[in-house]
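# with the sequence up front, the predicted model follows.
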Amino acid sequence: MPRYELLNNVTHRDLRVVTRFGREYGDEVGLVPAFPTEFAELQREYPIFLRKDRDSGHWQAVALLGFESNENLFLQDGRWNANYLPGYVARGPFLIGFQQQDIDGELRNEPVIHVDMDHPRICVGESGSEAAQAVFLPQGGNSAYLEHIMAVLRGIRDGDDAGKAIFAAFDELGLIQPVNIELKFDEEHGANLTGLHGIDRDRLAALDAEALHRLHLNGYLEGAYLMLASTHNLRRLMAEKQRRLRLQDAAAA
C-alpha cells in the first residue's frame, strides 16, 4: 500500500529517487494512462487508445507499451528505449494532492506535492545514490530533478482536467468506437487486444462543418488527429516483439 507524505525540504531533505527502469520498480506493464497535454510527444512513439474508467465512467487515454498486461517493450537493460517518457511514468513516486490554505483571507484547496515513501524508487541518504536523483539541494532548495517533476505533475493535472472535456465531446459526436486488434507475430505467436477504443476515422471525416468548427474552436480537433496518427506506432511495437521472440527462440535452441 502507498504511504503518502506531504513533501517538504525538512522531513525529506535526504530523499533520493532511483531513475533506472525495471520490473522491480513496477515498470513491466502493458499500458499506462496518457494525457492530452502530452499527445504531441506521445504520438511519435506510442499507440494511444481510450478506455472507460469503471468507477467514474469517464474516458481515459492510455499509451500502449506491450501486447500483454505485464509486457513493456520499451524496457531494455534498465533503460526506457524511447525519446519521450510518458508523464505517468516520469512522475515516479510523486503525485499532486490538495491542501486547504488561507490565501488573502480565503480558504482555498491549493495543489501540493505528495511522495509515496513506500515506493520502490525511494532511497534516503547515500544508499543507492549512484542511480538516484536528489530531490532537494543541500541548502534546501529544489533540485533540477524536482523542478522537472513539478512540471510533469502540472502537465498531468492539466491533462486530466482537459481530457474529461475532450473525450466527452468526442463521445457525444460518436467518434469513440471500439477497436479489435488481432496481430500475428510469427507462426506460433500472436495477440488479440480487447477493451480498447479509438477515434473512428470515417466518422471524423463525415462530421459536418459546424461540428468540426466547434471541435477546432475548443482545441479538441488536434487531439483526435494525434490519436489517429499514433496508431502507426503499432508497427514499431510489433517489430520489437518479433525481435524478442527471435532472440527467445535462438536462446532456447
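Perfect, I can see it now. Numbers count the residues shown, from 1 in each chain.

# hey, let's count contacts and neighbours off CA atoms from now on
Noted.

# where does pLDDT dip in the stretch 101-250 of the chain?
Residue ranges of the stretch 101-250 of the chain with pLDDT under 70: 101-109, 125-130.

# helices of that one, start to end?
If DSSP state H, counting those that start in this stretch is used as the criterion, the helices of the stretch 101-250 of the chain fall at 144-172, 201-205, 209-217, 221-230, 234-252.

# how big is the angle separating the third one from helix 221-230?
If I follow you right, that is helix 209-217. If you take axes from the mean of the first three to the mean of the last three Cα atoms, to 10 degrees, helix 209-217 sits at 90 degrees to helix 221-230.

# for helix 209-217, which helices and strands make contact with it?
Other elements packing on helix 209-217 under the criterion 3 or more Cα pairs under 8 Å, 6 or more residues apart in numbering; DSSP states H and E are helix 221-230.

# just checking, what packs against the helix it packs on?
With contacts defined as 3+ Cα pairs under 8 Å, 6+ apart, the secondary structure elements packing on helix 221-230 are helix 39-42, strand 48-52, strand 190-199, helix 209-217.

# convert the C-alpha atoms of that helix to CSV, please.
Extracted as CSV, the C-alpha positions of helix 221-230 are listed here (Å, rounded to 0.1, in the frame of the first residue of the first chain):
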residue,chain,number,x,y,z
LEU,A,221,-9.6,18.5,-33.1
GLU,A,222,-5.8,18.3,-32.9
GLY,A,223,-6.1,15.6,-30.2
ALA,A,224,-8.3,13.4,-32.5
TYR,A,225,-5.8,13.6,-35.3
LEU,A,226,-2.8,12.9,-33.0
MET,A,227,-4.6,9.8,-31.7
LEU,A,228,-5.2,8.6,-35.2
ALA,A,229,-1.6,9.2,-36.2
SER,A,230,-0.3,7.4,-33.1
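
# skip ahead from the helix or strand hosting V62 and say which helix or strand is next.
Taking DSSP states H and E as the criterion, the element that holds V62 is strand 59-64. As assigned by DSSP H and E, the chain's next helix or strand after strand 59-64 is strand 75-76.

# quick one: the helices of the stretch 101-250 of the chain as a markdown table, columns for mean neighbour count and distance to E68 too.
Rendered in a markdown table, the data for those read as follows (neighbours: other Cα atoms under 10 Å; distance: least, Cα to Cα, whole Å):
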| stretch | mean neighbour count | distance to E68 |
| --- | --- | --- |
| helix 144-172 | 17 | 25 |
| helix 201-205 | 13 | 26 |
| helix 209-217 | 13 | 34 |
| helix 221-230 | 19 | 19 |
| helix 234-252 | 14 | 11 |
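
# reformat these as a markdown table; add distance to D186.
Putting these into a markdown table (distance: least, Cα to Cα, whole Å) gives the following:
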| stretch | distance to D186 |
| --- | --- |
| helix 144-172 | 36 |
| helix 201-205 | 29 |
| helix 209-217 | 41 |
| helix 221-230 | 24 |
| helix 234-252 | 7 |
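
# before we move on, the earlier item: and of the helices and strands packed on helix 221-230, who's closest to M238?
strand 190-199 (9.8 Å; Cα to Cα).
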